[in-house]
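Visitor: Generate a structure from the sequence data that follows.
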Amino acid sequence: MWQDHEVRFDVSLADLQIRNGEILIDKLDMIEDTKGNAGDQGRLMVTNLRIIWHSLMLPRINLSIGYDTIINTSTKTVNVGNVGTFLVTNIRIVWFADMNHQFNVSLPYLAMESASIKSSKFGPTLVIISTKSSNGYVLGFRVDPVQKLHTLNKEIQTLKTSYDKSPIFGVEYTFEYQGVIEPEVKEEVTKEIQDSNDEISNVFGLYFADDGIKQHQPQLDSYLGLAAEEPRPGISLQSLWELIPGNP
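Guide: Residues are numbered from 1 along each chain as shown. Next comes the predicted model:
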């Protein structure tokens, strides 16, 4: 077995295949071997024994590096940016490199601390900082022309402010059925009215029973201010007057 302790160039396609006991951990496309094959896009495969790279156009151009041969790994940067596409949505900003879409960043407004324009050695730059809970990343983007840079910055700040006021968490709920809301019923206040039918019947009964009795002489009544026949015993003109509906 040589896969874990040797470095081999341009091996056969059979040697590029995953052997028994070897496990493919990850696979990345559009990876460039900048030292030996600059400009040639390829595929990088990471296994539990080695790292494999091969050209997408010519798979016979390849490289197999066993982990036992690696002393250390490091990341190197150059003062050259990557040309990419910048997208602005209602919930996040997205950037990806045009040459390698796997080189990208997605930052939701929920995790954005600030967005501003600052001076750098590349000129005016859009600087976006993520919150501390999101590792506090500092992202810089150069946008040409400058007028477009200011427009983009203002647009991001406006969308972030709007998002902070009404966050979108990605979960919505819709009622399948909503019962009919019944109108509010106001309780009516009622007053008890005493029924005076019994009293009226008793008074009328006295007069109907005495239908044949001789009428009395009229006398002036101070309550009514009129001359009226004297009522039967036990009954006053005032009580008779009050029996008429609408009279106090």
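
Visitor: Closest to the centroid, which residue in this protein?
Guide: residue 168 (3.0 Å; C-alpha atoms, centre = their mean).

Visitor: what ranges of this structure fall below the confidence cut-off?
Guide: By pLDDT under 70, the low-scoring segments of the chain are 76-80, 177-182, 188-216, 223-224, 231-235, 237, 240-248.

Visitor: hey, where'd the strands end up in it?
Guide: Using DSSP state E, the strands of the chain run over residues 7-9, 24-33, 37-47, 50-55, 62-66, 84-88, 92-97, 104-108, 112-120, 123-130, 138-141, 218-221, 226-229.

Visitor: Mind putting those strands into JSON lines with mean neighbour count and distance to residue 72?
Guide: To be clear about C-beta, it is placed using only N, CA and C from the backbone, and glycine gets the same treatment. Shown next, in JSON lines, are the strands of the chain (neighbours: other C-beta atoms under 10 Å; distance: least, C-beta to C-beta, whole Å):
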{"stretch": "strand 7-9", "mean neighbour count": "14", "distance to residue 72": "15"}
{"stretch": "strand 24-33", "mean neighbour count": "13", "distance to residue 72": "19"}
{"stretch": "strand 37-47", "mean neighbour count": "15", "distance to residue 72": "17"}
{"stretch": "strand 50-55", "mean neighbour count": "21", "distance to residue 72": "14"}
{"stretch": "strand 62-66", "mean neighbour count": "20", "distance to residue 72": "13"}
{"stretch": "strand 84-88", "mean neighbour count": "13", "distance to residue 72": "30"}
{"stretch": "strand 92-97", "mean neighbour count": "18", "distance to residue 72": "26"}
{"stretch": "strand 104-108", "mean neighbour count": "16", "distance to residue 72": "27"}
{"stretch": "strand 112-120", "mean neighbour count": "14", "distance to residue 72": "31"}
{"stretch": "strand 123-130", "mean neighbour count": "17", "distance to residue 72": "29"}
{"stretch": "strand 138-141", "mean neighbour count": "14", "distance to residue 72": "26"}
{"stretch": "strand 218-221", "mean neighbour count": "12", "distance to residue 72": "128"}
{"stretch": "strand 226-229", "mean neighbour count": "12", "distance to residue 72": "128"}
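
Visitor: want to throw these into a markdown table with distance to residue 164?
Guide: Formatted as a markdown table, those follow (distance: least, C-beta to C-beta, whole Å):
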| stretch | distance to residue 164 |
| --- | --- |
| strand 7-9 | 52 |
| strand 24-33 | 36 |
| strand 37-47 | 40 |
| strand 50-55 | 44 |
| strand 62-66 | 48 |
| strand 84-88 | 16 |
| strand 92-97 | 13 |
| strand 104-108 | 12 |
| strand 112-120 | 10 |
| strand 123-130 | 15 |
| strand 138-141 | 19 |
| strand 218-221 | 86 |
| strand 226-229 | 86 |
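
Visitor: To residue 175, which of these lies closest?
Guide: strand 104-108 (27.9 Å; C-beta to C-beta).

Visitor: list the helices and strands the closest one packs on?
Guide: strand 92-97 (3 or more C-beta pairs under 8 Å, 6 or more residues apart in numbering; DSSP states H and E).

Visitor: same for the strand it packs on, what does it pack against?
Guide: Secondary-structure packing of strand 92-97 (3+ C-beta pairs under 8 Å, 6+ apart): strand 84-88, strand 104-108.

Visitor: who does the last one pair up with?
Guide: Paired with strand 104-108 in the same sheet, following DSSP bridges, are strand 92-97 (antiparallel).
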